[in-house]
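A.B. asks: next comes the sequence, and after it the predicted model I'd like to discuss.
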Amino acid sequence: MTYKYFIASQSCIMIAGSMVFPFYILLLRSVGDSFSQFGWAYGLFALTAALVYPIAGKLADRIGDQKLLVLYAWGMAALMLCFPIATEVWHVYSLQILMGCLSTLQRNTEKTVLVRQLSRENAGYTVGRYHVWTSIAGAIAVIVTGYLIDFLTIGAIFYFASLIYAVSAILLNKKRMINI
């Protein structure tokens, strides 16, 4: 996979995540009864991610970066379809725990992909350039979603995010990762 292809796939991931996260609290307000539940949901996500990092690192070394990124993207596509049908807070908490496991795969593996392919001389510049494009994609997604949410339901945003995660999985699966 070329560097540009990698940026495109990871930008899709950033777009999908950025579409959902800022507006996620609106979903929780319709399922739960307090903002503290958002704290619990995000706390479960973060705690799960922290505990799974060592496993994700071993998996990246054992089965490969590309497979983990594809697993992450398809897994997130599936989870996004589940959020709009969550009717109880414990459903959301369960989904957050699964998201914590999956997000660890993406965060850890995006870094290992970059590290495995970069030379020391241009590592900082290349990582910086990577973050410029993925951050721009995320920022645009938040802005556009802010307008879309006025016309659509919260559930529709999750469905769009699922589609974008699927696009990322297809991009990742289409070409073998060789050099960035």
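C.D. replies: Looks like it came in fine.
A.B. asks: list the buried residues in stretch 93-110.
C.D. replies: Applying a neighbour-count criterion of 16 or more other Cβ atoms under 10 Å, one finds 93, 95-106, 108-110 buried in stretch 93-110. (C-beta placed from N, C-alpha, C; glycine too.)
A.B. asks: just those now: which is nearest Thr2?
C.D. replies: Lowest distance from Thr2 to the buried residues of stretch 93-110 (Cβ to Cβ) belongs to Glu110, with 15.3 Å.
A.B. asks: check contacts around the residue nearest to that closest one when sequence neighbours are not counted.
C.D. replies: Setting aside the residues directly before and after it, Glu110 is nearest to Gln10 in space (Cβ to Cβ, 6 or more residues apart in numbering), at 5.9 Å. Applying Cβ atoms under 8 Å, 6 or more residues apart in numbering to Gln10 gives the contacts Glu110, Tyr130, Thr134, Ser168.
A.B. asks: could you check which helix or strand contains the first one?
C.D. replies: Spelled out, that is Glu110. Using DSSP states H and E, the element containing Glu110 is helix 89-117.
A.B. asks: ditto for the second one
C.D. replies: Mapping Tyr130 onto the secondary structure by DSSP H and E places it in helix 123-148.
A.B. asks: tell me the contacts of Asp65?
C.D. replies: By Cβ under 8 Å, 6+ apart, the residues touching Asp65 are Thr109, Thr112, Val113, Arg116, Met177.
A.B. asks: now render those as JSON lines, adding pLDDT.
C.D. replies: Shown next, in JSON lines, are the contacts of Asp65 (pLDDT from 0 to 100):
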{"residue": "Thr109", "pLDDT": "89"}
{"residue": "Thr112", "pLDDT": "86"}
{"residue": "Val113", "pLDDT": "85"}
{"residue": "Arg116", "pLDDT": "78"}
{"residue": "Met177", "pLDDT": "53"}
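A.B. asks: dump these into TSV; add distance to Tyr147 as well.
C.D. replies: Output for these, formatted as TSV (distance: Cβ to Cβ, whole Å):
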residue	distance to Tyr147
Thr109	32
Thr112	36
Val113	33
Arg116	39
Met177	35
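A.B. asks: ok, these vs Ile157, which is closest?
C.D. replies: Thr109 (25.5 Å).
A.B. asks: now do the buried residues in stretch 144-162.
C.D. replies: Counting neighbours by 16+ other Cβ under 10 Å, the buried set in stretch 144-162 is Thr145, Ile149, Ile154, Gly155, Ile157, Phe158, Phe160, Ala161, Ser162.
A.B. asks: stretch 108-127 now?
C.D. replies: Result for stretch 108-127 [16+ other Cβ under 10 Å]: buried residues Asn108, Thr109, Glu110, Thr112, Val113, Leu114, Gln117, Leu118, Thr126.
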